[in-house]
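Visitor: Okay, sequence plus prediction incoming.
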Amino acid sequence: MQQREQTLNTPEIHQRNTGRAEVLSLERHKSLKFHTANNFSFAAQWLYVPVHGKEAASLGRTMPILFSRNDKGVLSPCVLLKAPGKSAINASGQWQVGTLPDVMRLYPFGWVHEGKSNRLTLYPEAPHFEGPGEKLITSKGKPTQKLNKIIRALSPIQTAFAETAVLMQELNALNVLKPFRVSVGNEGSKRAVILWAVSDPSVLKLKLSPQLRTLLYVHQQSTRRMLSTVTSAEKPREDKAEVKETHSRPSSVDNDKQDVGSLIDQVCRQFGVTVDDLRSRKRSDAIKKARTALVNDALTCDCLDELAVRLERTTDTLKKWM
């Protein structure tokens, strides 16, 4: 079986109605009708989305640019959609902070790498396919002009993300990233995710490619205020983000449990699995990836023992999931 590397298809903390991305099938998806979304309520719960290097500077003027790692440890720049004191999407579902990230502009379409080629993917359950719209596939099973236009729009973005992936390899080799836990919500309903930052300005003096130096400068400028308050004791309010260095452990056992619960909730949403799936002996692709991501996050947060208790497994068993 060919290995598929997902790109643009895993926006974080998405609502359940967006489902999972599927490779386009001229037969299975022939009845879909697409309409462009003018409302972004479908993304109201997303915490961040991946971005490429060419758009980072414009996005970083209004929202923080950080770095995420997928379940394989692969780095990607990302833009926070919720930051201290503001949200990119307002209560009415309108985009309100300037430039729209390409991932959101092109959603619900994306691609997967298969060998040396890319295959178009889509989220068939996205709200863009509800109600009236334009057909993507003709009665003869051929792409419509609309679908061909979408494919052409994706092409330069695929190239930009491929170029950015090379920069991420360069960044990863520097070993200068520090993990930060970003959480959104109030104390009763908090979501958290581990993201990465380069907080030391002197990194820009290292021998770097011009493109990576520019990206790191944008990253540091966009997160300057956020990362300077990582030790703040201020309580987060609803729909505002709180950023803490992951080595700053909560002082109570109850807070530890909440952190573990947030990590579990995050991977369940991301990979479409349940807590029972994680505890079970099932070994589907999604469950394996969810387990690996969960253990890596728990190790980063130094809460593997708490996770073992929550999943009713030993820490040795959890380490085998990596």
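Guide: Everything's here; your move.
Visitor: any weak-confidence spans in the chain?
Guide: In the predicted model, the chain carries pLDDT under 70 at residues 1-19, 184-191, 228-259, 300.
Visitor: And the helices in it?
Guide: 53-59, 102-106, 145-174, 210-228, 253-271, 275-279, 285-300, 304-311, 315-319 (DSSP state H).
Visitor: Now do the fourth one against helix 145-174, angle only.
Guide: Angular relation of helix 210-228 and helix 145-174 on a 0 to 180 degree scale: 80 degrees, by axes from the mean of the first three to the mean of the last three Cα atoms, to 10 degrees.
Visitor: Check which residues of helix 210-228 are buried.
Guide: Using 16 or more other Cβ atoms under 10 Å as the test for burial, helix 210-228 gives 212-220, 222-223, 226-227. For the C-beta atoms, the positions are set from N, CA and C on the backbone; glycine is no exception.
Visitor: ok so, going back, save the helices of the chain as JSON lines, and put in distance to residue 201 too.
Guide: What follows is the helices of the chain, written out as JSON lines (distance: least, Cβ to Cβ, whole Å):
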{"stretch": "helix 53-59", "distance to residue 201": "17"}
{"stretch": "helix 102-106", "distance to residue 201": "28"}
{"stretch": "helix 145-174", "distance to residue 201": "14"}
{"stretch": "helix 210-228", "distance to residue 201": "6"}
{"stretch": "helix 253-271", "distance to residue 201": "29"}
{"stretch": "helix 275-279", "distance to residue 201": "40"}
{"stretch": "helix 285-300", "distance to residue 201": "24"}
{"stretch": "helix 304-311", "distance to residue 201": "33"}
{"stretch": "helix 315-319", "distance to residue 201": "36"}
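Visitor: my guess is residue 80 meets residue 182, correct?
Guide: Yes. Taking contacts as Cβ atoms under 8 Å, residue 80 lies within contact range of residue 182: 7.0 Å.
Visitor: what about the two, which has more around it?
Guide: Set side by side, residue 80 and residue 182 show more neighbours around residue 80, with 27 against 23, by other Cβ atoms under 10 Å.
Visitor: show me the contacts for the more buried one.
Guide: Taking Cβ atoms under 8 Å, 6 or more residues apart in numbering, we find residue 80 in contact with 47-48, 63-66, 182, 241.
Visitor: again, 10 Å this time
Guide: Contact partners of residue 80, counting by Cβ atoms under 10 Å, 6 or more residues apart in numbering, are 46-49, 59, 63-66, 86-88, 182, 184, 193, 195, 222-223, 226, 241, 243.
Visitor: Kindly report the same for residue 36.
Guide: Counting by Cβ under 10 Å, 6+ apart, residue 36 makes contact with 105, 128, 133-134.
Visitor: for the helices of the chain, which one sits closest to residue 25?
Guide: For residue 25, the closest of those is helix 145-174, at 12.4 Å, according to Cβ to Cβ.
Visitor: coming back round to it: could you list which of the contacts of residue 36 belong to strands?
Guide: residue 134 (DSSP state E).
Visitor: Could you point out which of the helices of the chain sits nearest residue 124?
Guide: Evaluated over the helices of the chain, closeness to residue 124 peaks at helix 145-174, with 13.8 Å, by Cβ to Cβ.
Visitor: what distance separates the closest one from the middle of the whole chain?
Guide: Here helix 145-174 is found 16 Å from its chain centre; the criterion is Cα atoms, centre = their mean, to the nearest Å.
Visitor: Would you mind measuring from residue 277 to residue 118?
Guide: Look at residue 277 and residue 118: by Cβ to Cβ, to the nearest Å, they are 30 Å apart.
Visitor: same thing with residue 178?
Guide: 33 Å.
Visitor: so who does residue 58 touch?
Guide: So residue 58 contacts 51, 98-101, 218 (Cβ under 10 Å, 6+ apart).
Visitor: typo on my end, residue 295
Guide: Counting by Cβ under 10 Å, 6+ apart, residue 295 touches 71, 263, 267, 304, 307-308, 311, 315, 317-322.
Visitor: And residue 176, by the same measure?
Guide: Applying Cβ under 10 Å, 6+ apart, the residues near residue 176 are 196-200, 202-203, 206, 216.
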